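*Asks:* sequence? don't have it. structure:
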């Protein structure tokens, strides 16, 4: 079948951008201490281009020494209230809620209407994936405008985490349409949690083009996200966490895919396609 020139151009663009080496270079530039005048101009242009709300940022613009420090900026205390109630699971990030649905028994999650991917491939383990069949999943897209830190959605413990190397395609609408199993192809870090109220839960922080690294805030292990192998870490004891605690951060935008084993849930105030803020109710008991 002959492809339309636009199709060829889109495939070529994605083929170039998915190379992790390019994103590593971008990451190193983002960590470089550029001359102050250049850095300030670049940050101001970024703020204008993406309409970044600086009124809720903890530090003044002059305080950021690198572009990455600006990308991963902290917010002022109270900027993201954490929803109360034992029966509430909160959004782990500022993001657009792309999809939210019950996980089918066949274990394939919706990427876009008419296209699905394997939950087991996302998590990197068929046995672990089976615990979430007929639970719930949500896909949250962090745009360049958004706050780029990811937080804990429940009270519970972190029991393990896994780094899965991969490509770094963009996670924008073009890539979601064009790349089959996008979230199982890209590099990702999956954090596994346990909750007395909701049982097992997993958050997959999915890397993307120009996301030079994914950082976990509760540990320095395993440290080398560039290793060409899957890395599993289980702490000596589960790590206690509370809703709103910082889990990790991205450079630039990316995606979080969250899965919950609890089947008796429903969306709280969020609707697919809408923007949700970190700490706002995402799921509640049905």
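*Replies:* Cool, the structure landed. The structure presented is a predicted model; accordingly, all values stated were derived computationally and were not measured.
*Asks:* all contacts plus neighbour counts: C-alpha atoms, from now on.
*Replies:* OK.
*Asks:* Below-threshold pLDDT in this structure: ranges please.
*Replies:* By pLDDT under 70, the weakly predicted segments of the chain are 1-29, 112-114, 172-176, 178, 210-212, 221-227, 252-253.
*Asks:* report the longest helix in it, please.
*Replies:* Assignment by DSSP state H gives helix 36-50 as the longest helix of the chain.
*Asks:* which residues sit against that one?
*Replies:* With Cα atoms under 8 Å, 6 or more residues apart in numbering as the contact definition, helix 36-50 has outside contacts at 52-53, 61-62, 65-67, 70, 144-145.
*Asks:* same thing but 6 Å
*Replies:* With contact meaning Cα atoms under 6 Å, 6 or more residues apart in numbering, helix 36-50 is reached by residue 145.
*Asks:* Stretch 214-222 now?
*Replies:* The contact list for stretch 214-222, computed with Cα under 6 Å, 6+ apart, reads 247-250.
*Asks:* 7 Å instead?
*Replies:* Outside stretch 214-222, the residues within contact range by Cα atoms under 7 Å, 6 or more residues apart in numbering are 246-250.
*Asks:* burial count for residue 101?
*Replies:* Applying other Cα atoms under 10 Å, we find 18 residues neighbouring residue 101.
*Asks:* Next: residue 104.
*Replies:* 15.
*Asks:* Report how far apart the opening and closing residues of stretch 275-284 are.
*Replies:* The first and last residues of stretch 275-284 sit 18 Å apart, counting by Cα to Cα, to the nearest Å.
*Asks:* circling back: please spell out which residues along the longest helix of the chain are buried.
*Replies:* Buried residues in helix 36-50, counted by 16 or more other Cα atoms under 10 Å: 39-40, 43.
*Asks:* and if you look at stretch 79-98?
*Replies:* In stretch 79-98, counting by 16+ other Cα under 10 Å, buried: 80, 82-83, 88-98.
*Asks:* For my notes, please list the residues you listed in CSV and give secondary structure for each entry.
*Replies:* Shown next, in CSV, are the buried residues of stretch 79-98 (DSSP: H, G, I helix; E, B strand; the rest coil):
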residue, secondary structure
80, coil
82, coil
83, coil
88, coil
89, strand
90, strand
91, coil
92, coil
93, coil
94, coil
95, strand
96, strand
97, strand
98, strand
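*Asks:* Reformat those residues as TSV; add distance to residue 194.
*Replies:* TSV is the format used below for the buried residues of stretch 79-98 (distance: Cα to Cα, whole Å):
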residue	distance to residue 194
80	24
82	19
83	19
88	15
89	13
90	15
91	17
92	15
93	19
94	23
95	23
96	25
97	23
98	25
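*Asks:* Just grab the bridge partners of the residue most central in space within the chain for me.
*Replies:* Centroid-nearest residue in the chain: residue 256, 2.8 Å away (criterion: Cα atoms, centre = their mean). For residue 256, the beta-bridge partners under DSSP bridges are residue 140, residue 205.
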